[in-house]
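Novice: show me how the following folds:
(chains A and B)
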2 protein chains.
Amino acid sequence: MKPLTPQELEAQLRDIGARRYHRLHPFHALLHGGKCTKGQVQAWALNRYYYQAMIPVKDASLIARCDDPALRREWRRRLGLDRDYVVSLAGLLPATRFAVEAYVHFVRDKTLLEAVASSLTELFSPQIISERLDGMLKGYDFVSADTLAYFSRRPPLAQRDSDFALDYVRREAKTPDAQQAVLKALEFKCDVLWAMLDALYHAYVAPKHIPPGAFVPEDQRRSA
Amino acid sequence: MKPLTPQELEAQLRDIGARRYHRLHPFHALLHGGKCTKGQVQAWALNRYYYQAMIPVKDASLIARCDDPALRREWRRRLGLDRDYVVSLAGLLPATRFAVEAYVHFVRDKTLLEAVASSLTELFSPQIISERLDGMLKGYDFVSADTLAYFSRRPPLAQRDSDFALDYVRREAKTPDAQQAVLKALEFKCDVLWAMLDALYHAYVAPKHIPPGAFVPEDQRRSA
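Specialist: Here you go, the predicted structure:
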């Protein structure tokens, strides 16, 4: 098997985003289209928060494995974007926890190249974030620009971070094996984000089967 | 907080099973009631197989951490029940992989007591297995006693294994902290099994949202 050129590798990475990024998930259409109930938005926020809160843990574990000071320095800029941590995990969907932990373990246990590549979903995030900001501000009277401040700060940072990670991957993934590993890493990360929305949809949209112990929105309290 | 007596601890463990064991999941009612399509049974088998195939990995990692030769010897009897390994994971639901990996990591990273306690779902398995054998043989013409041989061999072994693990936990979990950790470990394990069925239900029963890359049954091929 012949190695891909950097251009071909990038094209295949972008193709994964076009097919598998969670922007394509039906839950996002509901969320961004103002079609969710307040309880569904609360459930999304609760579960999304866990993902967000674990990102610094993931980045710290990547930095801990870097021999290269330049990569370490670059990645350290990501830390501190979100210093919050999870105060209580009560009500979190177990499937969210399993998916996010899989991401943390992936970054800890796979090659550094794969760990960097798994951050490449940020290539696709500016679009989803602008849809989220517009859609949620318009669709829900209980959501304000303030509530969504984290997301409105993200696009320029995501752009910078994903440019760096894409350059790194294009430069370092030279053999077919390394390139396939990079593509698999991005698919894996898309699977993580997708599984989180599958779990939300199943519990809170249809058929509204809330797993034992998970958050029950007010309007599902009687039936659950 | 006062420690529970071994009897009280056992009663609370059994109560978790009564409330959270995956026998209560709606997918099981469909599966065992002969209400699944062939594609749904295939999807269950494919995803269940991954769980089954990772059990020896989990048990080996528990044994690797045992200082006590008696516990090591006892646990070693579990190995070899299923020597198959996963030849291809094509089509596996990512949520299955994340849940099963969470179980493997739990056993590797938590205390030995918690690792042993997480096996206690076997306390509740004889009933689910006999329902499965009866229901599936009656309900599906593509399922034979031979197909289900693994499960028909399980109940006496599960009984022996869970008796051992329950004795161990009753004996070793003496402080309130240790006892709470034991209860949490069983809840965690129930969450793992439950999340696997949530993912199956979401992908293959309703609303039949199959994640990108996962197995597509023949009768969903057009719509997916």
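Novice: wait, A:Met136 sits on A:Ala145?
Specialist: No - with contact defined as Cβ atoms under 8 Å, A:Met136 does not count as touching A:Ala145 (9.8 Å). In this view, the C-beta of every residue, glycine as well, is placed from N, C-alpha and C.
Novice: so between those two, which is more surrounded?
Specialist: Neighbours were counted for A:Met136 and for A:Ala145 using other Cβ atoms under 10 Å in any protein chain shown; A:Met136 has more, 23 against 11.
Novice: which SS class is that one?
Specialist: helix (DSSP: H, G, I helix; E, B strand; the rest coil).
Novice: can the longest helix anywhere in chain A be said to contact chain B?
Specialist: The residue-count maximum for a helix in chain A (DSSP state H) belongs to helix A:176-204. Yes - applying Cβ under 8 Å from any Cβ of the partner chain, one finds helix A:176-204 in contact with chain B at A:Glu187, A:Phe188, A:Cys190, A:Asp191, A:Val192, A:Trp194, A:Ala195, A:Asp198, A:Ala199, A:Tyr201, A:His202, A:Ala203.
Novice: what's the local residue count around the fourth one?
Specialist: By the criterion of other Cβ under 10 Å, A:Asp191 has 25 neighbours.
Novice: contacting residues for it?
Specialist: A:Asp191 is in contact with A:Arg20, B:Pro94, B:Pro211, B:Pro212, B:Gly213, counting by Cβ atoms under 8 Å, 6 or more residues apart in numbering or on different chains.
Novice: between the residues you listed, which sits nearest A:Arg221?
Specialist: Closest to A:Arg221 out of these is B:Pro211 (29.4 Å), distances taken as Cβ to Cβ.
Novice: mind listing what the nearest residue to that closest one once chain neighbours are set aside touches?
Specialist: Distances taken as Cβ to Cβ, 6 or more residues apart in numbering or on different chains place A:Trp194 nearest to B:Pro211, at 5.2 Å, with adjacent residues excluded. Contacts of A:Trp194 were listed using Cβ under 8 Å, 6+ apart, and they are A:Arg20, A:His22, A:His25, B:Pro94, B:Pro211, B:Pro212.
Novice: let's see that with 10 Å instead.
Specialist: Applying Cβ atoms under 10 Å, 6 or more residues apart in numbering or on different chains, we find A:Trp194 in contact with A:20-22, A:24-25, A:27, A:99, B:94-95, B:209, B:211-214.
Novice: below-threshold pLDDT in chain A: ranges please.
Specialist: A:80-88, A:222-224 (pLDDT under 70).
Novice: A:Leu89: how many residues sit nearby?
Specialist: Residues near A:Leu89, counting by other Cβ under 10 Å, number 12.
Novice: and the nearest residue to it once chain neighbours are set aside, what is it in contact with?
Specialist: Among residues not flanking A:Leu89 along the chain, A:Tyr50 sits closest, at 6.7 Å (Cβ to Cβ, 6+ apart). Taking Cβ under 10 Å, 6+ apart, we find A:Tyr50 in contact with A:Val86, A:Leu89, A:Leu92, A:Leu93, A:Thr96, A:Arg97, A:Ala99, A:Val100, A:Glu101, A:Met196.
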